[in-house]
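Q: Provided below are the primary sequence and the corresponding predicted coordinates.
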Amino acid sequence: MARRAAFCYPCAMTKLPKIFESWFAQKGWSLHPHQQTLLDLACDKSTLLIAPTGGGKTLAGFLPSLRELANGGRGLHTLYVSPLKALAADIRRNLGIPIADMALPIRVEDRTGDTSYSKRLRQRADPPHILLTTPESLALLLSYEDAPKIFASLQRVIVDEIHALAESKRGDQMMLALARLETLAPNLRRIGLSATVENPPALAEYMSPGDHSTNILLADPGPDPDVTILETSAAPPWNGAGAHYAIPEVLAEVKKAGTSLIFINTRAQAELFFRALWMANDDGLAIGLHHGSLSREAREKVELAMVSNSLRAIVCTGTLDLGIDWGDVDLVIQIGAPKNIKRLVQRIGRANHRYNAPSRAILVPANRFEVIECRAALEAVYAHELDGEPRGTGPRDVLCQHILITACSGPFDATALYHEFRRAGPYRDLSRAEFDDCLSFCATGGYALQAYDKWQRLITRPDGTYALRDPRATRQIRMNLGTIVDTETLAVRLKNRRGGRPLGEVEESFAATLTPGDTFLIGGEVVRYENIREMTVQVTREATKKPKIAVFSGTKFATSTVLSHRVLAKLQAKDWPELPAHTADWLHLQRRISSMPSPDRLLVESFPLDSRQFTCFYGFAGRNALQTLGLLLTRRMENAGLHPLGFVSTDYALLIWGLEEITDPARFLAREGMLDGLETWLAGNAVMKRSFRNVATIAGLIEKNLPGKRKSGRQATFSSDILYDTLLKYEPDHLLMRLTRQEAMRGLVDFTRIEEMLSRVAGKIDHVHAPHLTPLAAPLLLEIGKVPIRGQAEERLLAEAAEQMMAKAGLS
Amino acid sequence: MRTYEFILNDAHLTALPSGALWWAERGLLCVSDLHFGKSGRIARKGGTLLPPYENAETLARLERDILTRNPQTIICLGDSFDDLAAFEEMEEEDHRWLTCLIAGRRWIWIEGNHDPGPVDIGGTHVATHTEGPLVFRHIADPDKSGEISGHFHPKTRVNAKGRSISRPCFLIDKSRVILPAYGQYTGGLRTDTPVLQELMAPQSIAVLTGKTATAVPMMF
């Protein structure tokens, strides 16, 4: 049983103490209305504040805590959780200013994966008044035996950027952690801070504790932003994602602005664009690069330069999406289509840390199709239309992990834990049977074959509680904690500089395709691949050559449904006076040599390219439906001996490629027998194996590959695909297989959507044989998230490649 | 089913797509690194509870090769059991299955680094075994020739027109063969690892397992 808090704070007090008022006055500030309201609601169990960037949102969240702690406090009072480590460090700096100015007796510390071991140990024994942390570090804290002692005095929790957390499993883990905290500190009150979202009540519901509801506070959204599309002297290309044609104009904008953030959707594109900018940067403007593949040192250097206002621009990826208050950013440049209106609005908000001044943003389409997307997005921003997917119920792999985390901290009662989980928003509807499934998986593996009678992970003790059988398991469970499953990466180092700092990291699958002599970009410089030694990619500097490739990583952004509807609507127009002439001409060309997709017909285009046969289906049925269609069609093609190699889908089209051409698409689109054998085909597909790896890692069946921890001798570890294949054969209904199907199906879609589309276009299929790539199909070639088909084509390619290699080596 | 045939020390050998080595002339089937009981060993040490089906799957594959080739002699090249407890904890059904496979055949267990010493299931336990011109041992000895070994679980990757295909493989040169791991729960060691590069001659061949046995040069 948790101890009651030692201190009770006078909740009736809504005014700020004198010392605060004089501090505000001294700064020439006054309280924003939403900051005052949050103080007024300080005693309520749960409040969600939705405010634009620059609205003093974070200070608003902390004011109730600062007021309560103004005369001192004992033990941990407030926990602040943010999705980014950097944000925690930044808040510590910012919070330090009022605390120092007013000489408040408040200790503030941060605790993340970067905090030293000794400091973390000290924090457990003697916690600060305010602790700033991340969801993962919080989960780790909860796994310690002394968690009840650490959190007994806790009064408040502030969750920053809650809209971002709620989009992933990190948010679900966070909510389970909050439910745990509430058990340990029943007095707990929570404040969620969020950027503009499409459905505030849903987010409030998500963060509500148990039976309590959450207040929703909407701050003044401020004036509309000032968004334009960049005008360039050169027209954007047909395809391409680099936007290099726009370099001169982008540089000119950077020069005119104070400080700019240049957002690009993928790391590889950020590298290429940064390099292109530097080559044209005749004025020597200070421009930095920031993305997740760079080493920590490299990132910190850029962050520090930004704080000291010594940079004019940073080329960055989503790593800078969230709210670090850096210098005076007054311009956001978005390279490539924004794909999602909500994210665009949030990014635009980065250009305004002065409340009530419009943020300024410029969109730079990377190709002509993106001109249409950018235009559609811009119109949506001004129409205040936001996109978003409805949330499903809380995923159960996260639940499994949380059961194990709880077990690390000590024995638990299953029924009490079940009720605790149900007090977390995403798990409100969790049934006892679903919970028991997860518990049984954690305890015995949950297999039909009772193999682990002796070696259970959790054992039942005489008093009916559950406990870890082997205390050694705690280490492994803690190492595996978290819901972010990274792709396997390798460090990149300069050859012969063993002790040198790594330049960054690349995905293992990318490293595997390199042959000695290949060049690629990392950290803005061109390097030459030499070899792989002890799980490190060894490279040498290559000053002169143009890099061969830079596709070492990509974050996948799907175009939102709202945006793709707006795009399809635009395509129906007779002419496009609102678009630049080059793009309108390009659309007219598509209409001339092929056709324009429309809602009630299905346009299919076939063309050869690079010794592959491509077919494009303009279904405009949403990415999920088209991905399912891709699986269905490739299965039929495999059976028909057309040797499909892979496909990729976007919200508007599906592109399939293979070794043989589709001559009669209608035959493949026939509804009859479409579902036959689908389940077997799906089960063997890469989509399922990918989902399984995620689910199995989070649920704790397989261990995460920690960067730098992997040994060079890898006989001992085997891929998750082997476990998937084994379960598929021997126990296809195992909990993790069910969760895998559920998760994969969230990425796929009910067959009824496809049937609807097929009946809608029945018989109205326009098949165009183009001699080459068509205007509309061009951008699809660069889509990320291609699904490989591992069928007969792979055997054929392997046989051909093997023969050539043997001949070349003189061994055949 | 395409196999890969080659000659080592005058012996005509066949690399099977399953990862087993077949010596037709002597009616001898050789497999390596079965790693029975791997999931149990991990569980015992407080690790994760992996699906306990690897014994059944490994036995099923071994049975398929035995039924197809009908060997008189079977050599398991070591690391057959993950440890002694892995043998003792073997499900009764799997134990019976393995006993049936052993019955009526000459069965040789070579000791590997994981093996617990002789287990009570039939067959002969030896450190190395010599059969005609060939010697069988667990870990390759760089000074020997005409040698068949396992231990390293070699795997290789082929870049086929942009499609990267990675599979367990045999490594073959004029002096030796290193077998891929046959057990279901086994990972692989890339053939560009220094230890394998040093063991194998420059003109070595890697034979990928899978649907067919496909030969590629080892160094490329």
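A: Nice, thanks for sending it over.
Q: Just want the most central residue of chain B.
A: For chain B, the residue nearest the mean C-alpha position is B:Ser32 (2.1 Å; C-alpha atoms, centre = their mean).
Q: pretty sure that residue contacts B:Gly150?
A: Yes. Between B:Ser32 and B:Gly150 there is a contact under C-beta atoms under 8 Å: 2.8 Å. For the C-beta atoms, the positions are set from N, CA and C on the backbone; glycine is no exception.
Q: Common neighbours of the two, please.
A: Taking C-beta atoms under 8 Å, 6 or more residues apart in numbering or on different chains as the contact rule, B:Ser32 and B:Gly150 both touch B:77-79, B:179, B:181.
Q: Closest one of these to chain A?
A: Chain A lies nearest to B:Ala181 out of the shared contacts of B:Ser32 and B:Gly150, by C-beta to the nearest C-beta, at 7.3 Å.
Q: tell me the contacts of the closest one?
A: Counting by C-beta under 8 Å, 6+ apart, B:Ala181 has contacts A:715, B:19, B:32-33, B:35, B:150, B:153, B:168, B:187-188.
Q: could I get these as TSV with distance to A:Arg67?
A: As requested, the contacts of B:Ala181 are exported to TSV (distance: C-beta to C-beta, whole Å):
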residue	distance to A:Arg67
A:Gln715	60
B:Gly19	69
B:Ser32	70
B:Asp33	66
B:His35	62
B:Gly150	70
B:His153	63
B:Pro168	65
B:Gly187	57
B:Gly188	60
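Q: Let's see which of those residues end up in helices.
A: Among the contacts of B:Ala181, no member is found in helices (DSSP state H).
Q: export those residues to JSON lines and tack on distance to A:Arg180 and pLDDT?
A: Listed next are the contacts of B:Ala181 as JSON lines, based on distance: C-beta to C-beta, whole Å; pLDDT from 0 to 100:
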{"residue": "A:Gln715", "distance to A:Arg180": "39", "pLDDT": "46"}
{"residue": "B:Gly19", "distance to A:Arg180": "47", "pLDDT": "97"}
{"residue": "B:Ser32", "distance to A:Arg180": "48", "pLDDT": "97"}
{"residue": "B:Asp33", "distance to A:Arg180": "44", "pLDDT": "95"}
{"residue": "B:His35", "distance to A:Arg180": "39", "pLDDT": "94"}
{"residue": "B:Gly150", "distance to A:Arg180": "48", "pLDDT": "96"}
{"residue": "B:His153", "distance to A:Arg180": "42", "pLDDT": "95"}
{"residue": "B:Pro168", "distance to A:Arg180": "44", "pLDDT": "95"}
{"residue": "B:Gly187", "distance to A:Arg180": "36", "pLDDT": "85"}
{"residue": "B:Gly188", "distance to A:Arg180": "40", "pLDDT": "87"}
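Q: Would you mind writing the ChimeraX command to select the buried ones in the residues you listed?
A: Buried residues among the contacts of B:Ala181 (16 or more other C-beta atoms under 10 Å in any protein chain shown), as a ChimeraX selection:
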select /A:715 /B:19,32,33,35,150,153,168,187,188
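Q: Closest one of the contacts of B:Ala181 to A:Pro209?
A: Nearest to A:Pro209, judged by C-beta to C-beta, of the contacts of B:Ala181 is B:Gly187 at 44.2 Å.
Q: any idea what sits nearest the closest one, other than its immediate chain neighbours?
A: The spatially closest residue to B:Gly187, leaving aside those adjacent along the chain, is A:Phe718, at 3.7 Å (C-beta to C-beta, 6 or more residues apart in numbering or on different chains).
Q: okay, how far is it across stretch B:166-177, tip to tip?
A: In stretch B:166-177, first residue to last residue: 19 Å (C-alpha to C-alpha, to the nearest Å).
Q: re earlier: check whether the residue nearest to B:Gly187 sits in a helix, strand or coil.
A: Using DSSP: H, G, I helix; E, B strand; the rest coil, the structure places A:Phe718 in coil.
Q: how many neighbours does it have?
A: 22 (other C-beta atoms under 10 Å in any protein chain shown).
Q: give me every residue that touches it.
A: Contact analysis of A:Phe718 by C-beta under 8 Å, 6+ apart lists B:185-188.
Q: try it again with 6 Å
A: For A:Phe718, the contact set (C-beta atoms under 6 Å, 6 or more residues apart in numbering or on different chains) comprises B:185-187.
Q: Name the residues of stretch A:214-234 that are buried.
A: A:214-215, A:217, A:219, A:222, A:225, A:227, A:229-230, A:232.
Q: hang on, A:Ala543 in a helix?
A: No. Counting by three-state DSSP, A:Ala543 falls outside a helix, being coil.
Q: Tell me how far it lies from A:Gly242.
A: Noted for A:Ala543: a distance of 21 Å to A:Gly242, by C-beta to C-beta, to the nearest Å.
Q: Who has more neighbours out of these two?
A: Set A:Ala543 next to A:Gly242 and count neighbours by other C-beta under 10 Å: A:Gly242 wins out with 20 against 6.
Q: Give me the neighbour count for the residue of the stretch 151-300 of chain A found nearest chain B.
A: Using C-beta to the nearest C-beta, the single residue of the stretch 151-300 of chain A nearest to chain B is A:Ala268, 16.3 Å away. Per other C-beta under 10 Å, the neighbour tally for A:Ala268 reads 26.
Q: Also A:Glu672?
A: When neighbours are counted by other C-beta under 10 Å, A:Glu672 registers 6.
Q: That one and A:Ala666: what is the separation?
A: A:Glu672 is 12 Å from A:Ala666, by C-beta to C-beta.
Q: Ok, B:Met90 next?
A: As for B:Met90, its distance to A:Ala666 is 56 Å (criterion: C-beta to C-beta).
Q: who's more crowded, these two?
A: Ranked by neighbour count (other C-beta under 10 Å), B:Met90 and A:Ala666 place B:Met90 first, with 20 against 12.
Q: Going along the chain, name the helices of the stretch 701-812 of chain A.
A: A:720-730, A:735-747, A:751-760, A:792-808 (DSSP state H, counting those that start in this stretch).
Q: same deal with the stretch 151-300 of chain A?
A: A:162-165, A:169-184, A:200-207, A:247-256, A:267-280, A:296-307.
Q: So what sits opposite A:Ile459 in the bridge?
A: Listed by DSSP bridges, the beta-bridge partners for A:Ile459 are A:Ala467.
Q: How confident was the prediction at it?
A: Note on A:Ile459: pLDDT of 94.
Q: what number of residues lie near it?
A: 14.
Q: And A:Gly72, by the same measure?
A: A:Gly72 has 10 neighbours, counted by other C-beta under 10 Å.
Q: pretty sure it contacts A:Ile106?
A: No. With contacts counted by C-beta atoms under 6 Å, A:Gly72 stays clear of A:Ile106, the gap being 8.2 Å.
Q: shared neighbours of those two, which are they?
A: The contact lists of A:Gly72 and A:Ile106 share no entry, where a contact means C-beta under 6 Å, 6+ apart.
Q: Closest one of the contacts of A:Phe718 to chain A?
A: Nearest member of these to chain A, counting by C-beta to the nearest C-beta, is B:Gly187, at 3.7 Å.
Q: which SS class is the residue lying closest to A:Glu731 once chain neighbours are set aside?
A: Among residues not flanking A:Glu731 along the chain, A:Ala448 sits closest, at 5.7 Å (C-beta to C-beta, 6+ apart). Taking three-state DSSP as the rule, one finds A:Ala448 in the coil state.
Q: Need the helices of the stretch 151-300 of chain A in a markdown table (columns: distance to A:Leu154 and mean pLDDT).
A: Listed next are the helices of the stretch 151-300 of chain A as a markdown table, based on distance: least, C-beta to C-beta, whole Å; pLDDT from 0 to 100:
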| stretch | distance to A:Leu154 | mean pLDDT |
| --- | --- | --- |
| helix A:162-165 | 18 | 90 |
| helix A:169-184 | 6 | 96 |
| helix A:200-207 | 17 | 94 |
| helix A:247-256 | 45 | 94 |
| helix A:267-280 | 38 | 86 |
| helix A:296-307 | 30 | 81 |
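Q: Could I get these in TSV, plus columns for distance to A:Ile405?
A: Shown next, in TSV, are the helices of the stretch 151-300 of chain A (distance: least, C-beta to C-beta, whole Å):
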stretch	distance to A:Ile405
helix A:162-165	17
helix A:169-184	9
helix A:200-207	20
helix A:247-256	46
helix A:267-280	31
helix A:296-307	26
